[in-house]
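Trainee: Sequence first, then the predicted structure, then my questions.
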Amino acid sequence: MTAVEAKPMTTDEPLILSETDGRVGVIRLNRPKVLNALNPQLMSQLAEQLEAFDADDGISCIVISGNERAWAAGADIGDMAKQSAIDMYERDQFATWDRMKRIKKPIVAAVSGYALGGGCELMMLCDVIVASETAQIGQPEINIGVMPGAGGTQRLTKAVGKAIAMDVILGGRFLTAKEALQFGLVSRVVPAEHYFTEAMRAAQKLAKMPLTALKIAKEAVLKAHDSNLSDGLEYERKLFYLLFATEDQKEGMSAFVEKRKPNFKGR
Ligand code: CAA
């Protein structure tokens, strides 16, 4: 893989590490000593790198990974402990999350170990989630006197339904990877030693797909979270028609008819 850049930092270690592998951009969260707790500086760098990959014509798909022990154990509690409500309001830390929500290219999450609180919320912002069988997924904010603040009450409930979401958010229950798969929260569960390789394999496959169709299909699926069925169907139909304006649609359909492999250009 090719290292993109080592982010300049005032601390010893960069908070994220970025590299590319063919058309896949890879970002690793890099605060292993605190289980990749998500402080505002890390989130800001993550948003910046995601936007850079999103704008890069050489990249079609992005992977976010943690390490074996932790994808991310949540927002940085030490950082938040002394904040007042007004401090939290003024610093508007979730603005970086809004930036990540706007990434158009698909994001694959390679999740191993803890995915808790903001970590679970970050995982749910990703599109395809490859989880190690060691993953422990939850929203334990209740244990520290708060509740999810980066989308957990909404995205988790939409993903797994009310009864499981209540158990996880009110009771602080951790889901195993197997349970998360059964509830539709993750896309696949793989043996611990293969979680990153399998996520890369999934990403490399996506990276070969026609890029405009990938981005627009992602937009259409996300719309299902935000709209009622008839609005979502209407929206889907318009995006479907829109794809007939791409060269890849002409190429993909011609190749099928001519019984050959398509040569996609990403436009
Ligand atoms: N913030 C800051 N530091 C954290 C952290 C977090 N979210 N999670 C873990 N750490 C730190 C620990 O303080 C510890 O640091 P030290 O070695 O300096 O003591 C280090 O990471 C290792 O953690 P543990 O020793 O606790 O490891 P463990 O294996 O015994 O337990 C754990 C692991 C169950 C994940 C436990 O660390 C834990 O409960 N962490 C907090 C999880 C949590 O509450 N997350 C939600 C945060 S709030 C939030 O995310 C709000 C939101 O919606 C945006």
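Mentor: Right, received. Where do you want to start? Numbering: from 1, shown residues only.

Trainee: Any idea how many residues pack against the residue of the stretch 101-250 of the chain found nearest the ligand?
Mentor: Ranked by CB to the nearest ligand atom, the top residue of the stretch 101-250 of the chain for proximity to the ligand is Gly117, at 2.4 Å. Any C-beta I mention is one placed from the backbone N, CA and C, and that applies to glycine too. Other residues near Gly117 number 27, with proximity taken as other CB atoms under 10 Å.

Trainee: Show the backbone phi and psi for it.
Mentor: phi 50, psi -120 (degrees, to the nearest 10).

Trainee: What spatial separation is found between it and Asp87?
Mentor: 19 Å (CB to CB, to the nearest Å).

Trainee: on that earlier part again, show the model's pLDDT score for the residue of the stretch 101-250 of the chain closest to the ligand.
Mentor: Listed pLDDT for Gly117 reads 97.

Trainee: ok, now Tyr241?
Mentor: pLDDT, Tyr241: 89.

Trainee: in what helix or strand does it lie?
Mentor: Per DSSP states H and E: Tyr241 is located in helix 229-242.

Trainee: Let me see the backbone angles for the nearest residue to the residue of the stretch 101-250 of the chain closest to the ligand once chain neighbours are set aside.
Mentor: Leaving out its chain neighbours, the residue that sits closest to Gly117 by CB to CB, 6 or more residues apart in numbering is Gly74, at 2.8 Å. Here is the backbone geometry of Gly74 (degrees, to the nearest 10): phi 110, psi -180.

Trainee: ok, Gly74 - contacts?
Mentor: By CB atoms under 8 Å, 6 or more residues apart in numbering, the contact set of Gly74 is 37-38, 116-120, 140-141.

Trainee: so which of these comes closest to Leu175?
Mentor: Using CB to CB, Cys120 comes nearest to Leu175 of the contacts of Gly74, at 9.0 Å.

Trainee: didn't that closest one look like it was pressed against Gly138?
Mentor: Yes: with contacts counted by CB atoms under 8 Å, Cys120 reaches Gly138, the gap being 6.3 Å.

Trainee: who's more crowded, those two?
Mentor: Cys120 (33 against 26).

Trainee: After the helix or strand where that one lies, which helix or strand is next?
Mentor: Following DSSP H and E, one finds Cys120 within helix 118-125. Toward the C-terminus, helix 118-125 is succeeded by strand 128-132 as the next helix or strand (DSSP H and E).
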